[in-house]
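> please find the sequence and the predicted model below.
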Amino acid sequence: MSVKVFETKEVQDLLKAASNVDAGNGNARFQQVVFRLLGDLFKAIDDLDITPDEVWAGINYLNKLGQDGEAALLAAGLGLEKYLDIRMDAEDKAVGLAGGTPRTIEGPLYVAGAPVRDGLSKIDINADADAGPLVIRGTVKGMDGKPVAGAVVECWHANSKGFYSHFDPTGAQSEFNLRGAVKTGADGKYEFRTLMPVGYGCPPHGATQQLLNGLGRHGNRPAHVHFFVTSDSHRKLTTQFNIEGDPLIWDDFAYATREELIPPVVEKTGGAALGLKADAYKDIEFNFTVTPLLQGKDNQLVYRLRASAEA
Ligand code: MBD
Ligand code: FE
């Protein structure tokens with residue numbers, strides 16, 4: 001039986017009362033957003049004849065999501081974070097800002113506070129028997145192709161189990177393992193000496209994976225490395241690259257892969273002289289092109305709650 005009540009005065013009055021829209025007190029923007037989102041939910045319940053059992057299953061799901069601390073992980077998995085990127089890309093296009101390194105999602109696993117070093121940082125603090133040495137290096141450039149001095153490149157990635165320090169359920173990693181920050185000199189160059197990551201998988205019993213199971217989807221990402229590139233003179237860049245050859249590159253549960261963000265992995269020797277754990281190592285050159293401030297402002301800065309720690 002499908003009844004339709006959404007358009008009735010009773011329901012519209014309820015929606016206005018619940019969101020306190022047009023009340024003259026409270027936060028008008030917040031009221032506007034709640035009015036719209038709650039209204040969309042009410043309408044969906046009407047249109048799809050969503051049952052009380054289904055609504056309560058959803059409510060209980062939200063409790064589990066919060067208990068598991070996975071709301072930001074689910075945002076990535078549902079493509080919401082990617083959607084924000086699509087919108088920022090469109091905004092850049094609308095103001096004629098094209099040609100920088102493409103952005104891609106931050107994800108939920110950044111930790112602020114990594115030690116900043118000049119030019120180079122060795123960030124593999126804990127031994128990892130299953131991971132081979134990796135050098136990531138390149139130049140930060142402006143749109144004019146000239147190196148940017150004083151830029152800070154932050155980098156974070158997983159270990160050979162797909163776990164990130166600070167969030168590692170095995171407790172095996174020390175704070176800031178595989179996380180670092182490098183400040184560029186006049187040549188704009190940065191380098192990280194690290195270990196090859198493996199792709200991430202959602203916690204198998206967590207709320208995110210539970211929802212993905214219901215959708216018939218997996219919760220895995222290809223191996224990847226995250227970056228923030230910041231400088232006083234340019235907009236903050238949030239991006240990642242994928243490790244070439246990973247079978248999930250075009251099957252990322254968080255939709256972060258972009259054609260321009262799959263640099264070649266080059267086999268090299270001479271790692272011993274660089275202090276790497278083996279002489280044979282992998283080398284990835286990845287240059288960043290950062291974009292200018294817009295009327296003196298960084299319109300790409302995103303505020304979100306982030307973990308932080310002390311080095
Ligand atoms: C990750 O490592 C990640 O980058 C994203 C977006 C989601 C979950 C884990
Ligand atoms: Fe990640």
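That came through, no problem. Residues are numbered from 1 along each chain as shown. Ligands and ions are numbered 1, 2, ... in the order given.

> how about the residues of the stretch 51-200 of the chain by ligand 1?
Leu73, Ala76, Ile105, Gly107, Pro108, Leu109, Tyr200 (Cβ under 6 Å from any ligand atom). C-beta: built from backbone N, CA, C; applies to glycine.

> and the helix ranked longest in the chain, what other elements does it pack with?
Ordering each helix of the chain by length in residues (DSSP state H) puts helix 28-48 first. If you count contacts as 3 or more Cβ pairs under 8 Å, 6 or more residues apart in numbering; DSSP states H and E, helix 28-48 packs onto helix 9-19.

> all strands of this structure, in order?
Secondary structure of the chain (DSSP state E): strands at 111-112, 116-118, 120-122, 133-141, 152-157, 179-183, 189-195, 224-231, 234-242, 266-268, 281-285, 288-289, 307-308.

> can you report how many residues neighbour Glu260?
Applying other Cβ atoms under 10 Å, we find 10 residues neighbouring Glu260.

> domain assignment for the protein?
Domain assignment of the chain by automatic domain parsing yields the ranges 9-73, 79-308.

> doesn't Arg235 make contact with Val148?
No. Val148 is beyond contact range of Arg235, at 11.6 Å (criterion: Cβ atoms under 8 Å).

> mind pulling up the pLDDT for whichever residue of the stretch 51-200 of the chain sits closest to ligand 1?
Closest to ligand 1 within the stretch 51-200 of the chain is Gly107: 2.7 Å, counting by Cβ to the nearest ligand atom. According to the prediction, Gly107 has pLDDT 98.

> contacting residues around it?
Ala72, Ala76, Glu81, His226, Gln240, Ala254, Ala256 (Cβ atoms under 8 Å, 6 or more residues apart in numbering).

> what's the answer for Tyr61, then?
Counted by Cβ under 8 Å, 6+ apart, Tyr61 has contacts Ala207, Gln210, Leu211.

> the last one - how many residues pack around it?
The local packing of Leu211 (other Cβ under 10 Å) involves 19 other residues.

> in terms of contact, does it touch Leu73 like I think?
No. Applying Cβ under 8 Å as the test, Leu211 and Leu73 come out as separate, 10.2 Å apart.

> how many residues are close by Asn60?
10.

> what's it in contact with, if anything?
Per Cβ under 8 Å, 6+ apart, neighbours of Asn60: none.

> against Glu54, how distant is it?
For Asn60, the distance to Glu54 (Cβ to Cβ, to the nearest Å) stands at 11 Å.

> this completes my enquiry, with thanks.
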